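Colleague: Structure for this input, please:
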Amino acid sequence: MSVPRITPATSLLLAIVLAVAGAEAVQSQSPEPSRVITPTVPPPAEQIAAAVLPLPADLRATASVMGYNAAGKLTVLRQGSGALNCLASDPRSDRFHVACYHKSLEPFMARGRALRAEGVKAELVDSVRFREIRRGRLRMPLQPAVLYSLTGKPGSFDAATSTATGARPLFVIYVPGATSASLGISAVPAEGTPWVMSPGTPRAHIMFVPRM
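Modeller: Prediction:
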């Protein structure tokens, strides 16, 4: 039996899929029984500083931030006046991952949280959301909407310097229903140049990978 060859493009695509999925899944509050631990929850100020780190500096102060309380439940840590929502890194996770996205994506993200909390398997979450979008029960933004994230090893974030050494940056722009043809952008994964992921679906988005 032949073993599929892992090309650089394949490796990049896998990393991106995991990063974007993580940005949408980080909000799940119901870990599997085998992963139930007592997490050390950072102070709210530290969670906020880490959560806004993916953003350009001028957008950080006005972003809303969701993070974790002493019981490990997701909650609003700061209500901001800007256009972006940020998510702190889950203290139960085996990696550092923070993400910020435009508020117009909140219904899509919130529905993902709810489905995962209900125990819907990860590979089925989009199927449910796409069906609800087609039926008009779930709305996607009418305009392009951004998402930024940073992903790294546990302990990547240094509270003293508000930096995340070694964390991988990623940003995407959701353009629901867009295709390679409609955007004039390749659908082939590539580092350092934009490409479209999930073309033709409600979660179609333009990927920007500065480095891996």
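Colleague: Now stretch 66-86: buried residues?
Modeller: Met66, Gly67, Tyr68, Gly72, Leu74, Leu77, Arg78, Gly80, Gly82, Leu84, Asn85, Cys86 (16 or more other C-beta atoms under 10 Å). (Each C-beta comes from the backbone N, C-alpha and C, glycine too.)
Colleague: for stretch 57-68, that is, sorry about that
Modeller: Buried, per 16+ other C-beta under 10 Å, within stretch 57-68: Leu59, Arg60, Ala63, Ser64, Val65, Met66, Gly67, Tyr68.
Colleague: Ok, stretch 162-172 next?
Modeller: Ala164, Ala167, Arg168, Pro169, Leu170, Phe171, Val172.
Colleague: Which residues does stretch 123-142 contact?
Modeller: 24-25, 102, 104-105, 107-108, 111-112, 115-116, 120, 174, 176, 201-203 (C-beta atoms under 8 Å, 6 or more residues apart in numbering).
Colleague: Which of the residues you listed fall in strands?
Modeller: His102, Tyr174 (DSSP state E).
Colleague: Now, of the contacts of stretch 123-142, which are buried?
Modeller: 24-25, 102, 104-105, 107-108, 111-112, 115-116, 174, 176, 201-203.
Colleague: hang on, the earlier thing: filter the buried residues of stretch 66-86 down to the ones in strands?
Modeller: Met66, Gly67, Tyr68, Leu74, Leu77, Arg78, Leu84, Asn85, Cys86.
Colleague: Nice, that's everything, thank you.
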